[in-house]
Structure formats: structure tokens, C-alpha cells
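Chemist: The following block contains a protein sequence and its predicted model.
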Amino acid sequence: MSIPSGIYNRLMEIPGRILAIDYGSRRMGLAVSDQLGITAQGIETLQRRNKRSDFARLERVIRENEIKEIVLGNPLRMSGEEGTQSQKVAEFAEELRKKFELPVHLFDERLTSAEANRLLREADVSLERRVRAVDRMAAILILQAFLQSRSLN
């Protein structure tokens, strides 16, 4: 039994899992897509320690989840201009590219943390749990928006 060429071509286009990172100075929220790049699921929030430790933990996540691409939230100013934090994110993106040899995409994350806080508040999540979950929720929102923008192209 052979696979029709149209289906075979679609199967060959399956991108694999994407890792989204909500990058912060103290924490990184992480989310991954499914194999087909349709859904986003939060996996953990990494407490930042130092570069060596942070990259070792990211390497574990990338390996365990068979990550093929990374999307990094880019915290642009409301005007769309880059600020100090978005420059740090761009530098981190370059380090990720070199270290893991994977495509790394910067994606506008304006207001994702505010939206994550709002969603968690509406879900009646306690303040203590919200603080622990907001970065992971922001990573989910970044990844969902990235996946949606990709499906529109």
C-alpha cells in the first residue's frame, strides 16, 4: 500500500515540536507545541541561575521534547520599538542559535504577561500560584499566537 503523493508531501512538511520561551531576568516560562504545530502546552518555569545551568536545563527540554524550532517572546515597547529588554532577548536568541543549531524566531510578545495574569486571575488562581504560573502561561500565549500567525501564511 502506498501513500498518495499529496498526503506524503503534507507528512513531510510536519515541522516537529516548537519550544516557546518567555525570557525574563529571573525566570523563563516554557511551552511546547504538539508534533503538528497546532496546540501549545505549558511545561515548566525555569528559575534562572547562570548561563551554564540555564543552557543545560534548556538542552534537556529540547532533547526530551524533540524540539525542532524555538520561538522567543520579543518584548517590544508599545510603540513597536526595541528597548533594553528586547536587545537582551535578541542576544539570547543568537546564543540559542549557536548552542543548539536550531531556527530561533523572535515573536512580538507585547501584553502577553498582562494577558496571562488576567487569565489566571479570572480562573481564581491564588496570588502565590499565579506568580509561579504567569511565565509559563505567557509562553503558552506566545506559542499560540506564533502558531496562529504561521497557519495564516
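Modeler: Looks like it came in fine.
Chemist: Check which element follows the helix or strand of the chain with the lowest mean pLDDT along the chain.
Modeler: None of the helices or strands of the chain scores lower by mean pLDDT, DSSP states H and E than helix 5-12, at a mean of 52. Sequence-wise, the next helix or strand downstream of helix 5-12 (DSSP states H and E) is strand 17-23.
Chemist: Other residues contacting that following strand?
Modeler: Residues outside strand 17-23 that contact it (C-beta atoms under 8 Å, 6 or more residues apart in numbering): 28-35, 37, 40, 58, 61-62, 65-73, 88-89, 92, 109, 112-113, 135-136, 138-140, 142-143, 146-147. To be clear about C-beta, it is placed using only N, CA and C from the backbone, and glycine gets the same treatment.
Chemist: Quick check: Ala139 vs Glu66, distance?
Modeler: Remark: distance between Ala139 and Glu66 (C-beta to C-beta, to the nearest Å) = 18 Å.
Chemist: Which one's more surrounded, these two?
Modeler: Between Ala139 and Glu66, counted using other C-beta atoms under 10 Å, the more crowded position is Ala139 (32 against 10).
Chemist: for the chain, what spans make up the helices?
Modeler: With DSSP state H as the criterion, the chain has helices at 5-12, 51-64, 84-100, 112-122, 127-152.
Chemist: so which of those gets nearest Thr45?
Modeler: Among those, the nearest to Thr45 by C-beta to C-beta is helix 127-152 (4.7 Å).
Chemist: Of all the residues in the closest one, which ones are buried?
Modeler: Neighbour-count burial for helix 127-152 flags 130, 133-147 (criterion: 16 or more other C-beta atoms under 10 Å).
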